[in-house]
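Visitor: sequence and predicted model, in that order:
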Amino acid sequence: MDEAETEGQVREVLEGGELRALVFPELEIRAEETLTGQNPVHILHFHGKITNQNSYTLNRKIPRLLEKNPVRLILDFENLEYMNST
């Protein structure tokens, strides 16, 4: 896994040259690809808190995790502790 420092305190985690995770001080988002039958599914796993401090950068970075333009997408919020509503 390669890591690149971007935009202050956000780390981009690369695997095989592809962006696989975004790591903020209070939030980590990991991208996973799997198959259901013969159909590819992309899953974004959220761990931590989406706060006012990280939401703006998060909104700009999420599309980079989805560069393959998935048809099927699952957002896994099971380990998300807090989501800012503003």
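Guide: Perfect, I can see it now.
Visitor: next one, pLDDT for the residue nearest the centre of the chain please.
Guide: Central residue of the chain (Cα atoms, centre = their mean): residue 29, 3.4 Å from the mean position. At residue 29, the model reports a pLDDT of 97.
Visitor: from residue 86, how far off is the nearest residue to it once chain neighbours are set aside?
Guide: Using Cβ to Cβ, 6 or more residues apart in numbering and skipping the chain neighbours, the partner closest in space to residue 29 is residue 22 (4.7 Å). In this view, the C-beta of every residue, glycine as well, is placed from N, C-alpha and C. When Cβ to Cβ, to the nearest Å is applied, the distance between residue 22 and residue 86 equals 20 Å.
Visitor: compare those two and say which is more crowded by neighbours.
Guide: In terms of neighbours (other Cβ atoms under 10 Å), residue 22 is the more surrounded of residue 22 and residue 86; the figures are 25 against 5.
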